[in-house]
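Enquirer: how would this look folded up:
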Amino acid sequence: MRNSASTLIIPVENQVRELDGKLLLSCVAAERGFPVIIGSRAFIHFEAASFPRGVYLAKSMRSLSNSMFRILRMLGHEIVAWEEEALVHPPAETYFNLRLSPTTISNVSHIFAWGYENFDLLQQYPQLPKKLSIHITGNPRGDILRPEMRPYFDAEVEKLHKLYGDFILVNTNFTEVNPFIPSIGLFVPTKDGHKTSRRGQAGIGVSREFAEGLWNHKQAILEDFKQLIPALEQAFPHLMIVVRPHPSENFKVYNDIAARCKRVKVINEGNVIPWLLASKTMIHNGCTTGLEAYALGVPAISYLSTFNEFYDYDFQGLPTKLSYQSFNFEELQNTLTGILEGKLGPPGGEERKTLIDYYLAARNERLACERIVDILEDSGYAENQPPATSVGTYAQGWAFAKLKASITKLNMRRPGPNRLSYHDHRFPQLSATEIEKKIAQFGRLLNRFGNIRVEQYSKHLFRIHG
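Expert: Numbers count the residues shown, from 1 in each chain. The predicted structure follows:
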């Protein structure tokens, strides 16, 4: 291993969604000589001042990250990024206000685009720094969807079949109106769930008209799904109904429904991919899992009982267009029956293939992970650490990092639904042994990574190296 190589710092926010792809990227990077720190995003921020100078991989460029990006740069780290929510996004102007900040993006050296659509969208950003490099690499989450990677989940798929038999998967995506903690929705709700006028995290940066309209639309769809779940149980008595809420949602509404049903389970464990592969079909409404199902060859249905062309096509159109679409329960029931009887397979057609090819690069040939590490190497990070900042700048960054960590830890322990419970909900405790098992699975599948080693760096953080 080259001791002078930059440390690649990879934060993970939603473990069930991000970990497998980012772990594959860690292995590819470590194989090429990069030391890697991977783990909980919050705990990476707590430890930012203890890492050797390196390259921090950001998952977004929102204004909420302004202070952390500034601290990272003061400590001598460089920042590269991708946009985690790039596949399902609102129209350009709203997207720019919601997901990009001129201050934050000015601290980024490279952006890794999911595909051509993401690249084209970013090029339209009026405040895009002129020297910022945008590379069409694909994304590690896309690598995990490739046909050759599916055996990675074979053991989990078999386990799910044994536990639940034949099941319909229902994926929900209503964080805007049903948040795990009140502050992350579109509007901060009252204790009994009613909307207030105060914006939540999801509403920062968008017009009030857009936020109000989206809240009303999402609330109506949530009510549709609350009726849909027990109706599915009644209509398909030989199947289990597995409800998988978004990791940032409050599960209570679904647990209450399950308590009144016999064959409804509410579960959010592990990556969604084995759940998709084990299911007979998946029902969603504008959720990224619609794209994942399409890529995996799993038939999916977008349930559009409440329909708004702007929100359902212009905003959430990609996963909906890659799925069968049902506009009422009777249509849904007919489509489900066709799938269950083998008369309908996965949605096909040249239009859908063209659409996914525009949005998602690296669906074949070299992995997105390889392409990303190529760029890190070409940029010199494999040979040298980023240049050190001045002693005064570093000291200031160190002090800010410690202060920010102290404030965040204090907020994590406030009474009620707090940031610590939210963190543990999205990033459950992991052991180095569990990480090693995942790497061994990748190794058997790809015939590589035999020299990769894992060490516990600190709580929720791991060091991966060759």
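Enquirer: domain map for the chain?
Expert: 7-144+364-465, 149-349 (automatic domain parsing).
Enquirer: got CSV for those domains, with distance to Leu355 and mean pLDDT too?
Expert: C-beta coordinates here come from the backbone N, C-alpha and C atoms, glycine included. Output for these, formatted as CSV (distance: least, Cβ to Cβ, whole Å; pLDDT from 0 to 100):
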stretch, distance to Leu355, mean pLDDT
domain 7-144+364-465, 9, 95
domain 149-349, 6, 94
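Enquirer: quick one: contacts for the nearest residue to Gln316 once chain neighbours are set aside?
Expert: Ranked by Cβ to Cβ, 6 or more residues apart in numbering and with sequence neighbours excluded, the top spatial neighbour of Gln316 is Gly286, at 2.7 Å. Listed by Cβ atoms under 8 Å, 6 or more residues apart in numbering, the contact partners of Gly286 are Val88, Asn173, Ser302, Tyr311, Asp312, Phe315, Gln316, Gly317, Pro319, Thr320.
Enquirer: neighbours of the last one, just the number please.
Expert: Other residues near Thr320 come to 25 when the count uses other Cβ atoms under 10 Å.
Enquirer: list the contacts of it.
Expert: Contacts of Thr320 by Cβ under 8 Å, 6+ apart are Asn285, Gly286, Gly290, Ser302, Leu304, Asp312, Tyr313.
Enquirer: same check on Cys287?
Expert: With Cβ under 8 Å, 6+ apart, Cys287 has these contacts: Val88, Asn171, Thr172, Asn173, His246, Gln316, Pro319.
Enquirer: chain neighbours aside, what residue packs nearest to the last one?
Expert: Read it as Pro319. Excluding the flanking residues, the one nearest Pro319 by Cβ to Cβ, 6+ apart is Gly290, at 2.8 Å.
Enquirer: what about that neighbour, how many neighbours?
Expert: 30.
Enquirer: residue contacts, it?
Expert: Contacts of Gly290 were listed using Cβ under 8 Å, 6+ apart, and they are Met282, His284, Ala300, Ser302, Leu318, Pro319, Thr320, Leu322, Ser323.
Enquirer: strands - which of these land there?
Expert: In this view, the contacts of Gly290 that belong to strands under DSSP state E are Met282, His284, Ala300, Ser302.
Enquirer: please identify the one among the contacts of Thr320 that lies nearest to Thr104.
Expert: Of all those, Thr104 sits closest to Gly286, with 26.2 Å by Cβ to Cβ.
Enquirer: and that closest one, how close does it get to Asn173?
Expert: 7 Å (Cβ to Cβ, to the nearest Å).
Enquirer: the nearest residue to Pro182 once chain neighbours are set aside is in what secondary structure piece?
Expert: Take Pro182 and drop its neighbours on the chain: the residue closest to it by Cβ to Cβ, 6+ apart is Val188, 5.1 Å away. In this assignment (DSSP states H and E), Val188 forms part of strand 187-189.
Enquirer: convert the next helix or strand after that strand to CSV, retaining C-alpha atoms only.
Expert: Following strand 187-189 in sequence order, the next helix or strand is strand 195-199 (DSSP H and E). Coordinates of each C-alpha in strand 195-199 appear next as CSV, following Å, rounded to 0.1, in the frame of the first residue of the first chain:
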residue,chain,number,x,y,z
LYS,A,195,-49.4,20.1,9.2
THR,A,196,-48.0,23.3,10.5
SER,A,197,-46.8,26.3,8.5
ARG,A,198,-43.2,25.7,9.7
ARG,A,199,-40.9,24.1,7.0
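Enquirer: buried stuff in strand 195-199?
Expert: Lys195, Arg199 (16 or more other Cβ atoms under 10 Å).
Enquirer: same thing with stretch 451-466?
Expert: For stretch 451-466, the buried set under the neighbour-count rule, 16+ other Cβ under 10 Å, comprises Ile452, Val454, Tyr457, His460, Leu461, Phe462, Arg463, Ile464, His465, Gly466.
Enquirer: can you pick out the most distant pair from these?
Expert: Most distant of the buried residues of stretch 451-466, by Cβ to Cβ, are His460 and Gly466, 22.6 Å apart.
Enquirer: just to revisit the earlier point, burial count for the residue nearest to Pro182?
Expert: Using other Cβ under 10 Å, Val188 has 18 other residues around it.
Enquirer: next one: Lys265
Expert: Other residues near Lys265 number 15, with proximity taken as other Cβ under 10 Å.
Enquirer: I figured it was touching Pro245, is that so?
Expert: No. In this structure Lys265 lies outside contact range of Pro245 using Cβ atoms under 8 Å: 11.6 Å.
Enquirer: could you point out the helix or strand that follows the helix or strand containing Ser109?
Expert: Under the criterion of DSSP H and E, Ser109 resides in strand 108-113. Next in sequence after strand 108-113, counting helices and strands by DSSP H and E, comes helix 116-123.
Enquirer: now that next one: buried residues?
Expert: Across helix 116-123, burial judged by 16+ other Cβ under 10 Å covers Glu117, Asn118, Phe119, Leu121, Leu122.
Enquirer: distance to Thr337 added to the residues you listed, as JSON lines?
Expert: Output for these, formatted as JSON lines (distance: Cβ to Cβ, whole Å):
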{"residue": "Glu117", "distance to Thr337": "34"}
{"residue": "Asn118", "distance to Thr337": "37"}
{"residue": "Phe119", "distance to Thr337": "41"}
{"residue": "Leu121", "distance to Thr337": "38"}
{"residue": "Leu122", "distance to Thr337": "42"}
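Enquirer: give me the neighbour count for Asn66.
Expert: 16.
Enquirer: confirm that it sits in a strand.
Expert: No. Counting by DSSP: H, G, I helix; E, B strand; the rest coil, Asn66 is not found in a strand; it is helix.
Enquirer: quick check, it in contact with Thr104.
Expert: Yes. The criterion here is Cβ under 8 Å, and Asn66 meets it with Thr104 at 5.3 Å.
Enquirer: what's the end-to-end length of stretch 191-209?
Expert: Chord length of stretch 191-209, first to last residue, is 24 Å (Cα to Cα, to the nearest Å).
Enquirer: which residues are contacting it?
Expert: 62-64, 90, 94, 97-99, 175-177, 179, 182-190, 211, 214-215, 219.
Enquirer: what remains of those if I keep only buried residues?
Expert: 62-63, 90, 94, 97-99, 175-177, 179, 182-189, 211, 214-215, 219.
Enquirer: can you list which of these are found in strands?
Expert: Going by DSSP E, the strands hold Phe187, Val188, Pro189 from the buried ones among the contacts of stretch 191-209.
Enquirer: contacts only, for the second one.
Expert: By Cβ under 8 Å, 6+ apart, the contact list for Val188 reads Pro182, Thr196, Arg198, Arg199, Gly200.
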